[in-house]
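Novice: sequence and computational prediction follow.
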Amino acid sequence: MNSLNKVKAAPLSGSSKALTILSQLLLPSQSPAMIEPGAEELGITTISRQEFDDIAILADCNHVLMRGMEVFRELMHQAGDSGREAWATTEIATERSRIQNAISFLQNICGAFNKEGLDVAVIKSLDHWPDLGSDLDLYTNADPSDVLRLMKQYFEARKASRSWGDRLAHKWNFKVPGLPELVEIHMGRLGQTGEQIAIANSIIRRSRLILVDNRAFRVPAVSDRILISTLQRMYRHFYFRLCDIIDSSLLVEGGAIDYEDLRSVATMAGIWEGAATYLVIVSDYVKQFRSEGLELPSFVKESAQFGGDRLYFRRDFLRVPILPESAALYASQLTALLLNRELKSTARLTLLPYLATAAAVGQKITGSDKGIW
């Protein structure tokens, strides 16, 4: 059974045509014995301009626009479809211009931290390269007053308004002239309520240098990168972007993950079950578009609380059920923090259900949860 037939045999609940096409473009088979579907087999030689725009919009909000459009353009080139090839070329050029501007600012911001003798690492934003997220995320263990001074002195940055969640998470957003994206800086804490001290304390110490677009950036160790994604997807937003699937599957397939190290750090933070579940969800999603999922150690699969069969597609993202699945992970994290006698972190985490309730009420009344999350 080829990958295209696999998709037809096991569609994701609520999945859209745009999501299916993007997934087929970005999750090709890794088996040499399988013939990859071409443009005609994928049905993209007949899509309308509106359908293409739908794909581009979905790719953008899932942080896979560059990668998706590059594959789409190549397939259209092979099919001799210059018109649709040009659509993709235009999207790539526009997005590349945005990314080049943002990455230049990111380099300058990190350089300012280094000049001031302050530690900083880029989190999340560079995980998607050659794509880039909708804001620039940094982590520092510096004192907030030093960061606020730096951002004002070097970049004339203005603080964006902070939500309740921002204050608990100990993060600030900055508006920098000439940069459309917000700069989001986490200071000394991670997690939706700033409950994660254990992971935060190791970010800088375990960080590594990478080259991106011939620029050097300090980023988290691979295990910490997986844990940051786990916190974001399994304990905060309760949805996956397609980039999470693509990025994490590449780490697994490239043998980049030290699973023993991942388990050790995640257990200390109380989120091992969440990390294992995150990886199994990624593997199960990949399996829908291939003959098999990712190769994960047995202890990872055994620790997962649920799998990709619980995902459903709604409002542009792959959603994770909150009840009872994610609630159980929350309870496990809370118990671990209590056993570790991290009382302040425990107190912060107990505020999460009230914050989530307030956000839900605000969404229902005003149509937005801004000011809360």
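Specialist: Perfect, I can see it now. Numbers count the residues shown, from 1 in each chain.
Novice: where's residue 210, which helix or strand?
Specialist: According to DSSP states H and E, residue 210 maps onto strand 208-212.
Novice: what are the buried residues along that strand?
Specialist: residue 212 (16 or more other C-beta atoms under 10 Å). For glycine as for every other residue, the C-beta is placed from the backbone atoms N, C-alpha and C.
Novice: stretch 237-245 now?
Specialist: Buried residues in stretch 237-245, counted by 16+ other C-beta under 10 Å: 238-245.
Novice: which of these fall in helices?
Specialist: Residues of these located in helices (DSSP state H): 242-245.
Novice: what's the closest of these to residue 182?
Specialist: residue 243 (18.1 Å; C-beta to C-beta).
Novice: which residues touch the closest one?
Specialist: Residues near residue 243 by C-beta atoms under 8 Å, 6 or more residues apart in numbering: 62-64, 127-128, 131.
Novice: mind running it again at 6 Å?
Specialist: Counting by C-beta atoms under 6 Å, 6 or more residues apart in numbering, residue 243 makes contact with 62-64, 128.
Novice: can you flag the buried ones in those residues?
Specialist: Neighbour-count burial (16+ other C-beta under 10 Å) is assigned, among the contacts of residue 243, to 62-64, 128.
Novice: hmm, who's touching stretch 293-309?
Specialist: 252, 259, 273, 276-277, 279-281, 283-287, 325.
Novice: correction: stretch 165-175
Specialist: Residues contacting stretch 165-175 (C-beta under 6 Å, 6+ apart): 151, 157-158, 160, 182-189, 193-194, 355, 373.
Novice: only whichever of those residues are buried, select them in PyMOL.
Specialist: In PyMOL syntax, the buried subset of those is picked out as below (16+ other C-beta under 10 Å):
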select buried, resi 151+157+182+183+184+185+186+187+188+189+193+194+355+373
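Novice: among the contacts of stretch 165-175, which lie within strands?
Specialist: 158, 182-187 (DSSP state E).
Novice: can you tell me which of these is closest to residue 202?
Specialist: Ranked by distance to residue 202 (C-beta to C-beta), those are led by residue 186 at 13.7 Å.
Novice: nearest residue to the middle of this structure?
Specialist: Nearest to the mean C-alpha position of the chain, by C-alpha atoms, centre = their mean, lies residue 244 at 4.7 Å.
Novice: tell me which element residue 201 falls in.
Specialist: Secondary structure from DSSP H and E places residue 201 in helix 198-206.
Novice: to what extent is residue 112 buried, counted in neighbours?
Specialist: 16 (other C-beta atoms under 10 Å).
Novice: separation between it and residue 274?
Specialist: 34 Å (C-beta to C-beta, to the nearest Å).
Novice: which residues does stretch 47-56 contact?
Specialist: Counting by C-beta under 6 Å, 6+ apart, 18, 21, 87, 91 sit against stretch 47-56.
Novice: quick one, phi psi at the closest residue in space to the last one that isn't next to it in sequence?
Specialist: What it means is residue 91. The shortest distance from residue 91 to any non-neighbouring residue, by C-beta to C-beta, 6 or more residues apart in numbering, is to residue 69 (4.8 Å). Backbone torsions of residue 69, given as degrees, to the nearest 10, read phi -70, psi -30.
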